[in-house]
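>>> Show me the folded form of this:
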Amino acid sequence: MPFGDIVRVELVGSWWDNWAALIALAVSLATFGWTIWVRHRDSARLQVSVTSFFLLDAAPLGKQYFIATEATNVGRSGKTVISNFHFRVPGGPFIMRADSHFPTVTLPASVEPGDSVTFVWNATELAAACLRYNVTPGQFRPGAQSGHGTFKGKWKKSALEVMDGAMTAARKATVSE
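Purely as a prediction, here's the structure:
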């Protein structure tokens, strides 16, 4: 034979008879799962919410409604950089602004763990977009884009109340035009 002698190997017992190997396998799988969970928990994650900001009632301009999108880095370690805040029209485009209505943040913005960034929107402009796309404000999906992905947000009740006032003002403005 060109390759040498044939060696025949026989298993003397079942593979499950070796309890130490099974315990080692279980410990290694548990350690792997724990490592993945810790890495996910510790990485930068944004919690995004929309809240009321304030109502400006200036004589020449009339009532101006403002809401704010707030993004908080809830990860335990690792900073992230937010590149934009947006609202997503269901089945349609994103509504974005390059800058906040008030100088609360300059994008891109670096966010350390535990820190928050607030981006201010003119609610009347968003209400006009709602009318244009024939959706309610609650159907707009708020979000923030960072180096760690896109994070979807939620509306707070106070922001929806401000948007109701802005929608009323936007409807009046549409009728008067």
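>>> Now do the buried residues in the lowest-mean-pLDDT helix or strand in the chain.
Within the chain, confidence by mean pLDDT, DSSP states H and E is lowest for strand 46-58 among all helices and strands, at a mean of 84. Across strand 46-58, burial judged by 16 or more other C-beta atoms under 10 Å covers 46, 48, 49, 50, 51, 52, 53. (Glycine included, C-beta is placed from N, CA and C.)
>>> List the buried residues of the next helix or strand after that strand.
Per DSSP states H and E, the first helix or strand lying C-terminal to strand 46-58 is strand 62-73. Applying a neighbour-count criterion of 16+ other C-beta under 10 Å, one finds 64, 65, 66, 67, 68, 69, 70, 71, 72, 73 buried in strand 62-73.
>>> can the residues you listed go into JSON lines with extra columns for pLDDT and distance to residue 40?
Formatted as JSON lines, the buried residues of strand 62-73 follow (pLDDT from 0 to 100; distance: C-beta to C-beta, whole Å):
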{"residue": "64", "pLDDT": "79", "distance to residue 40": "41"}
{"residue": "65", "pLDDT": "84", "distance to residue 40": "38"}
{"residue": "66", "pLDDT": "90", "distance to residue 40": "35"}
{"residue": "67", "pLDDT": "94", "distance to residue 40": "31"}
{"residue": "68", "pLDDT": "94", "distance to residue 40": "28"}
{"residue": "69", "pLDDT": "95", "distance to residue 40": "24"}
{"residue": "70", "pLDDT": "96", "distance to residue 40": "23"}
{"residue": "71", "pLDDT": "96", "distance to residue 40": "19"}
{"residue": "72", "pLDDT": "96", "distance to residue 40": "17"}
{"residue": "73", "pLDDT": "94", "distance to residue 40": "14"}
